[in-house]
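A.B. asks: fold the stuff below for me.
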Amino acid sequence: MPRDLNIFVRDEKIFTSLTASFLPDDIPYEPAWDPRDDHDSSLDDTTSPLTTCWAYAARPWFPLIPLNPSFDGPIFECLNHSMFSLRTELDSQGKHILHHDIRESWVELEKSYSGYGYQRSHSDAKLAKKVALKSRNAFLLIAAVCSWYIMSRQYRGSSRPWKALLVDNPRCPIPAEWVHELSRSFVGDISTKVPRTGTFISSIHCPWELQLPMFEHFSIPIWVHIKQVAVFDVKLCHYNPSKEAIARAIEAQCTSNSAWGQNDSTWGKDDGVWGKRDDGSQSQSALGWDGSTLGWDDSALGWGPAPEAPQVDPRFPVPEQLSGQKSGEDWKAFFAHRLEENKKKQAKESPAQRQSHESREQAAKSHNIPGKSSMATVFEWQPQHEYGDFLLRIHLIKAEVPSTWGNYSNSTRLYDLFRNEWDLCDQLDPTSTPDGDWEEDFFDVSDPIPDPLPPPPPAPPSLSSFLQDICNYFGRHEVAASSDYTEGIEHFITHLRFHLSFHLAASTTRSIGGCMAFDSWVDKQKFSHVCNIVRDSGKDVDSISDMQQHVITCFIGYLVTLPATQLSEIPSDHWDLAPGTPLSTSNAFIRVSYLDIPGQERLYIIQPSQSQSLVPWKLVVPDAATAVMCLRRDWGSDISTIALELLKKGITFKTLQPMAVPPSARRPLSELRTYSLGYFWPPFKAVYADYITYEQYHHEFMKEDRARAALLCGGILWRLALHSLGFDILPLVLIGISQDAVPFGQMLFLNGETHFDDDLSEEEVDFICGTYYVYTNNGCIEKLSWWPKPQAWAGSGLDKCLENIRQGISRRRDSSDNNGLVNNTHWKQGLKFNAATKKFKKNLNTACSNFLTTKASAFMDD
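C.D. replies: Predicted coordinates for the structure are as follows:
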């Protein structure tokens, strides 16, 4: 026997499975199989699509019907309703019908399930809702057919993906973003993340030769009923257990079975959902009332001896007389004691009684409404609101039965053949929907006059209808207010003082060593250009005199034109990094130490100088200029305050948290859920709906705890993250690392101790920037994105221009904008506005690094 073959025992029947670890609660009635017929003769079981069926050659998609499908997303959101969320309205005749908004959205989705009643009127609002949910569930059969085609194509290894077939369809091309949404839904996602009903197969005959291996490959639940005969289909030989294994399974089942009905938590676990037949209808066999019963005993009329005076519990409603329900007895206990009584009746019945009961059982299987001449009694279990919705068994008079019967289905009606009684109880199957619109048999609703000619096939849906699905769903997200984007902006003078170490009282304007390049550069520069080099628009410089503007231009000219070896010659009155100047970088509250990691650039750690840090992580900045800037600031000794100030300004830093974890705690990135806008074949052109889709996925990713890494990265990633989150979320970023940091984030060894922080993978950086992967004609992949990558943006000189990002996002959301996707090469070329920025930043960081090399110490843990 294969190691992974599971054996199940229920009702003295043996089942095996390679892909399922448990039996479903309901095992359907096994239809008769004709070995001469490849197809079954049973009708489509559209009344209960969520029920596991037996394998039929004619309908191989039945095992792919999703269980508990999620009707979320732009395509199936219109189906995302329950009994509580469905709305009804009154038609012109005063009858209840599904609200027109819901009806119209369902008709747009698929017209083939309109015959199940959701477009008809009903006398009761509850019935209208139940019929609508039945119509909704019938749509799952259509979804299963689509999933089957997708699975079949993927299993065969077709050269063209199924998504490409839809996108490139010459008759009705479907937008790529809509197809991408379909692939994320229960239709296109054929992984084990979407549980499906599966199927039962008789060991005598497997109707599928090609389907079975495919279902096993995709782990679709398959249960094989082991018949006690010598014949065993060769296609199912790997499901055939040994006699010893069967014996062990039976012994284990007998040992583990608890007393029937003693524990609510195990109710129906071994015997299926309480009160359901194998064919989905209620049967007396569910309570031990099998077809071998006949005749009448002392309780020939079904009522038995006169009941004793009941003992009333004031905590519960008083039961109706002759209902058989005791005070405080719930529906489960009631049916349990009825079961015991019926077992006693069955043991005493004569052959004549058994024959009579068999006839009555056959008549009850149709679930026809008891007519005026019927002797059957009908009880409805009605909630009593004043007693916490406790269910009371209420006798229905003849006139009440027709209007009530349709509110229940075969799985919520239970017949007692010994007493000739029907029980109507929603709790028997809380998820059931009615079997049909029963009221139409009693209110003389005429059938519509058929059209003289069959209607023509529906035209393919318009392209705009697909795009409307996307825009309606994704256009509702409220992003961070634009005004929030100004919070981190610093004035030009402040930037000069703290970021560039410039002395506002400087007056020297001479060249160094007769440098011709310096003189030429200063003569050509406009002050607005100088402002752009230092990453500021310069809008707040009106108070700076012309003479001071010239001094500032010279200072920037030194950093742009001088080689790194001559930075020490910058006049001492210009900045506090010159040799021999009284440095203003001595900070009484914090100290900076450096850390050299082999193969990486030097890191700088900022710590309190006179007290212990109050946060569990270490504040680490990757460049010397930021470390020196922190020394110049008067931000106090609270590390979280300093980090928050950096975060508000979009300055890169890390929050390395020391943790001792076993090696197994680290996991490959393949196990992490990734976000991607997908791969596409040329020609690919993004449209407005593509950007709306990207934006919504971006918002969804930013809700992840590990997305804090985007804010820590600074630059373009920080700005795009703020678009989703706003400034108010920033303090929460500093609480600590996320749960994904240890298994998937960055890990560094500092003085022999492992430290972790959240980090972004290359794919996640691509996703945040809105990147699509497009195949080229030579088989390579080109990356096209809505936004530039961090490397292209960092050298653009736009890093402080928050207004540019805000306006850019606004244009992207404008459907009339013609700006499309750009590859990384074009981004780099298009962002070279300030060629001097790169040299300026490099020299500034070199000067700060030289200062910290002499003034800071190597990092040591406290």
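A.B. asks: which residue is the nearest non-sequential neighbour of Gly650?
C.D. replies: Trp718 (4.3 Å; C-beta to C-beta, 6 or more residues apart in numbering). The way it works is simple: take the backbone N, C-alpha and C, and place the C-beta from them, glycine included.
A.B. asks: give the helix, strand or coil label for that neighbour.
C.D. replies: helix (DSSP: H, G, I helix; E, B strand; the rest coil).
A.B. asks: what about it, how many neighbours?
C.D. replies: 22 (other C-beta atoms under 10 Å).
A.B. asks: let me know the pLDDT of it.
C.D. replies: For Trp718, the model assigns a pLDDT of 91.
A.B. asks: pretty sure it contacts Phe653?
C.D. replies: No. The criterion here is C-beta atoms under 8 Å, and Trp718 misses it with Phe653 at 10.9 Å.
A.B. asks: can you pull the contacts of the residue nearest to Gly650?
C.D. replies: 650, 710-711 (C-beta atoms under 8 Å, 6 or more residues apart in numbering).
A.B. asks: let's have these in TSV, adding pLDDT.
C.D. replies: Shown next, in TSV, are the contacts of Trp718 (pLDDT from 0 to 100):
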residue	pLDDT
Gly650	88
Ala710	94
Leu711	93
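A.B. asks: in helices, which of the residues you listed fall?
C.D. replies: Among these, the members found in helices (DSSP state H) are 710-711.
A.B. asks: now, of the contacts of Trp718, which are buried?
C.D. replies: Among those, those buried by neighbour count (16 or more other C-beta atoms under 10 Å) are 650, 710-711.
A.B. asks: looking at the residues you listed, which one is closest to Gly599?
C.D. replies: Ala710 (24.7 Å; C-beta to C-beta).
A.B. asks: excluding covalently adjacent residues, which one is nearest to that closest one?
C.D. replies: With C-beta to C-beta, 6+ apart as the criterion, Ala710 has its nearest non-adjacent residue at 4.1 Å, and that residue is Ala721.
A.B. asks: what strand or helix carries Gln382?
C.D. replies: Secondary structure from DSSP states H and E places Gln382 in strand 377-384.
A.B. asks: am I right that Leu656 sits in a helix?
C.D. replies: No. Applying three-state DSSP, one finds Leu656 to be strand, outside a helix.
A.B. asks: beta partners for it?
C.D. replies: Lys618 (DSSP bridges).
A.B. asks: how much space between the residue lying closest to Arg153 once chain neighbours are set aside and Arg184?
C.D. replies: Leaving aside its sequence neighbours, Arg153 sits nearest to Trp162 (C-beta to C-beta, 6+ apart; 4.9 Å). Distance of Trp162 to Arg184, given as C-beta to C-beta, to the nearest Å: 14 Å.
A.B. asks: which one of the two has more residues nearby?
C.D. replies: The neighbour count for Trp162 versus Arg184, taken as other C-beta under 10 Å, is higher for Trp162 (19 against 14).
A.B. asks: wait, doesn't that one sit right on Met151?
C.D. replies: No. With contact defined as C-beta under 8 Å, Trp162 does not reach Met151; the gap is 9.4 Å.
A.B. asks: just the helices in the stretch 151-300 of the chain please.
C.D. replies: 162-167, 176-184, 211-217, 243-256 (DSSP state H, counting those that start in this stretch).
A.B. asks: for Ala665, find the nearest of those helices.
C.D. replies: The minimum distance between Ala665 and the helices of the stretch 151-300 of the chain falls on helix 176-184, with 29.6 Å, by C-beta to C-beta.
A.B. asks: just the buried residues of that closest one, please?
C.D. replies: Buried-residue list, helix 176-184, by 16+ other C-beta under 10 Å: 176-183.
A.B. asks: and what of stretch 81-93?
C.D. replies: For stretch 81-93, using 16+ other C-beta under 10 Å, the buried residues are 81, 86, 88.
A.B. asks: now the second one: how far from Leu98?
C.D. replies: As defined by C-beta to C-beta, Leu86 lies at a distance of 7 Å from Leu98.
A.B. asks: what would the buried residues of helix 176-184 look like in a markdown table with distance to Lys193 and pLDDT?
C.D. replies: As requested, the buried residues of helix 176-184 are exported to a markdown table (distance: C-beta to C-beta, whole Å; pLDDT from 0 to 100):
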| residue | distance to Lys193 | pLDDT |
| --- | --- | --- |
| Ala176 | 22 | 81 |
| Glu177 | 21 | 78 |
| Trp178 | 21 | 84 |
| Val179 | 19 | 87 |
| His180 | 16 | 84 |
| Glu181 | 16 | 85 |
| Leu182 | 15 | 89 |
| Ser183 | 12 | 89 |
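A.B. asks: a markdown table for those, including distance to Leu5?
C.D. replies: Shown next, in a markdown table, are the buried residues of helix 176-184 (distance: C-beta to C-beta, whole Å):
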| residue | distance to Leu5 |
| --- | --- |
| Ala176 | 43 |
| Glu177 | 43 |
| Trp178 | 42 |
| Val179 | 38 |
| His180 | 38 |
| Glu181 | 38 |
| Leu182 | 35 |
| Ser183 | 33 |
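A.B. asks: common neighbours of Leu86 and Leu98, please.
C.D. replies: In contact with both Leu86 and Leu98: 129, 132, using C-beta under 8 Å, 6+ apart.
A.B. asks: contact partners for Gly94?
C.D. replies: Counting by C-beta under 8 Å, 6+ apart, Gly94 makes contact with nothing.
A.B. asks: give me the three-state assignment for it.
C.D. replies: Reduced to three states by three-state DSSP, Gly94 is coil.
A.B. asks: begin at 120 from now on, thanks
C.D. replies: Got it, first residue is 120 now, which makes that one Gly213.
A.B. asks: can you pull the pLDDT of it?
C.D. replies: 88.
A.B. asks: then the one 10 residues further on?
C.D. replies: For Glu223, the model assigns a pLDDT of 83.
A.B. asks: Pro701 too?
C.D. replies: In this model, Pro701 carries a pLDDT of 55.
A.B. asks: and if you look at Trp800?
C.D. replies: Value for Trp800, per-residue pLDDT: 83.
A.B. asks: and it, what is it in contact with?
C.D. replies: 283, 286-287, 893-894.
A.B. asks: same thing with Cys172?
C.D. replies: So Cys172 contacts 147, 164, 181-182, 316, 318-319 (C-beta under 8 Å, 6+ apart).
A.B. asks: nearest to Ser485, of these?
C.D. replies: Ser485 lies nearest to Asp164 out of the contacts of Cys172, by C-beta to C-beta, at 16.4 Å.
A.B. asks: and the closest one, what pLDDT?
C.D. replies: 41.
A.B. asks: just Arg303 next, same as before
C.D. replies: So, for Arg303, pLDDT stands at 86.
A.B. asks: okay, now the residue lying closest to His324 once chain neighbours are set aside: neighbour count?
C.D. replies: Distances taken as C-beta to C-beta, 6+ apart put Asp352 closest to His324, at 5.4 Å, once the chain neighbours are dropped. If you count neighbours by other C-beta under 10 Å, Asp352 ends up with 17.
A.B. asks: and Asp352, what pLDDT?
C.D. replies: So Asp352 comes in at 85 (pLDDT).
A.B. asks: thanks a lot, catch you later.
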